[in-house]
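Student: Give me a model of this one.
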Amino acid sequence: AEISLQKGDKNNITYIIISVEKMKQGNYPQVIETINNLDGPVYKEFINPLIKAWAYVGENQPDKALKELSIISKEPSFRALYNFHAGMINDYFNRNDEARKHYEVIVNEESLEMSFRALQIITNFYVRTGEQEKAVALVNKYNDDKLMLDMLNKLANNVRRANPSETCLLYTS
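Tutor: So this is what the prediction gives:
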């Protein structure tokens, strides 16, 4: 990516690759400087704030991280993603009440999908904060045969309605 940049290839993917490498090296100021080169609404309203938020975490600046992350909260379709990352940032800084608030948005709002990774992290949080029964209940909620059956029925209906000539995602509602 750095060679591409030196040769004049200044596309967004090049900057993302360099930013991720700088993040792995712990060079957080360079991450922020590099990621600011991203251009376009998807980058400025989603990728840039997400990467910068975690760079601020690396710099031990939780408030700055959460302020940066709040940019993605403006888009309703990023609601689960925003709350998941805000929960993890607060969790990392032992701000358990704030972390719980964000995690429970994901847990309690039926319209938000729970990823397996989010389920792992949230149940881990509950166990670490002495709420093991809550963790077990959450896992059981997603281990419910009826829930799995509903998800499979929805997928089957989406497959039946799918038009092969159009691009479609079968797992959307």
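Student: can you pull the contacts of the spatially closest residue to residue 87 that is not a sequence neighbour?
Tutor: Excluding the flanking residues, the one nearest residue 87 by CB to CB, 6 or more residues apart in numbering is residue 102, at 3.5 Å. (C-beta placed from N, C-alpha, C; glycine too.) For residue 102, the contacting residues are 83-84, 86-87, 90, by CB atoms under 8 Å, 6 or more residues apart in numbering.
Student: which one of those is nearest residue 134?
Tutor: The shortest gap between residue 134 and any of these belongs to residue 87, at 14.4 Å (CB to CB).
Student: in this protein, what spans have low per-residue confidence?
Tutor: 144-148, 151-152, 155, 158-159, 162-173 (pLDDT under 70).
Student: which stretches of it form strands?
Tutor: Along the chain, no segments are classed as strands by DSSP state E.
Student: Helices along that one, start to end?
Tutor: For the chain, applying DSSP state H gives helices covering 2-6, 12-25, 28-35, 41-42, 48-58, 62-69, 79-92, 96-108, 116-128, 132-142, 145-161.
Student: Deepest-packed of the ones you listed, please.
Tutor: Across the helices of the chain, averaging neighbours per residue (mean count of other CB atoms under 10 Å) puts helix 48-58 on top, at a mean of 22.
Student: roughly how far out does that one sit from the chain middle?
Tutor: 12 Å (CA atoms, centre = their mean, to the nearest Å).
Student: cool, stretch 76-86 as well?
Tutor: 6 Å.
Student: which outside residues touch that stretch?
Tutor: Against stretch 76-86 from outside (CB under 8 Å, 6+ apart): 46, 50, 53-54, 66, 69-70, 72-73, 98, 102-103, 105-106, 109, 112-115, 118, 121.
Student: now do 6 Å
Tutor: 69, 72-73, 102, 105-106, 112, 118 (CB atoms under 6 Å, 6 or more residues apart in numbering).
Student: Closest to residue 40 out of the residues you listed?
Tutor: Nearest to residue 40 among the contacts of stretch 76-86 is residue 72, at 14.8 Å by CB to CB.
Student: Could you check how far the closest one is from residue 64?
Tutor: 15 Å (CB to CB, to the nearest Å).
Student: ok, the most centrally placed residue in the chain to residue 41 distance?
Tutor: Closest residue to the average C-alpha location of the chain: residue 81 at 3.9 Å, with CA atoms, centre = their mean. When distance is defined by CB to CB, residue 81 is 16 Å away from residue 41.
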